[in-house]
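Visitor: The sequence and its predicted three-dimensional model are supplied below.
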Amino acid sequence: MSSKKSAMTRRLPGGFTLMELLIVITIIIVLASAVFVALNPAKRFQDARNARRSSDVASILSALKTQQVDNGGSYLASVAALTVDVPYQIGTGATGCDTGCAGVTQAACADLTGLKTAGYLGSVPADPSSGTDAKTLYSITRATAGTLTINACAPEGTAVISVSR
């Protein structure tokens, strides 16, 4: 019986060979590379910034419309002062607002800090990539019929981010 036991012990493999380990490691590297490429982190960050832009333009428009309803149909003074059908960049800047936003030709920004002061917004949103309080890289247009349009000036990729009401 002891001879049978020692014969069985000798036949059992003692572990993985170096070649087997290299093959498994290579397969893991190939799969990890495929997953990394499929996830495309740069595209995910771009999508996240565009989602933030969409949320920001919706928040600005919602705050403006809520303020208008609360004030018997009157716009915020800075919005009422805008030239009809002319886009303005949103921000606190008195000059230089005609750069960074396509179609904006007005040097002065449309100051919407009154929304913050009145409690309609916690803060006036700025573009997540390079917007500032002075130049948010969002624009506003007031139409003749009273419709407001808020645009993101610098969406990434082929996205167009705009809300009207």
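Guide: Received it, and whenever you're ready, just let me know what you need. Residues are numbered from 1 along each chain as shown.
Visitor: Looking at the chain, which helix is longest?
Guide: helix 41-70 (DSSP state H).
Visitor: who's in contact with the residue nearest the centre of the chain?
Guide: Closest to where the C-alpha atoms of the chain average out (C-alpha atoms, centre = their mean) is residue 49, at 2.0 Å. Residues in contact with residue 49, defined by C-beta atoms under 8 Å, 6 or more residues apart in numbering, are 128-129, 156. (Each C-beta comes from the backbone N, C-alpha and C, glycine too.)
Visitor: quick revisit: list the buried residues for the longest helix of the chain?
Guide: Judged by neighbour count (16 or more other C-beta atoms under 10 Å), helix 41-70 contains these buried residues: 46, 49-50, 52-54, 56-57, 59-61, 63-64, 67-68.
Visitor: After that helix, which helix or strand is next? Please name it.
Guide: helix 77-80 (DSSP states H and E).
Visitor: Flag every buried residue along that next one.
Guide: Quick answer for helix 77-80 (16+ other C-beta under 10 Å): 78-79.
Visitor: Where does pLDDT dip in the chain?
Guide: Where the chain drops to pLDDT under 70, the residues are 1-13.
Visitor: For it, just list every one of the strands.
Guide: 88-89, 138-142, 148-152, 162-164 (DSSP state E).
Visitor: Would you give the sheet partners of the first one, along with the direction of each?
Guide: Read it as strand 88-89. If you go by DSSP bridges, strand 88-89 pairs up with strand 138-142 (antiparallel).
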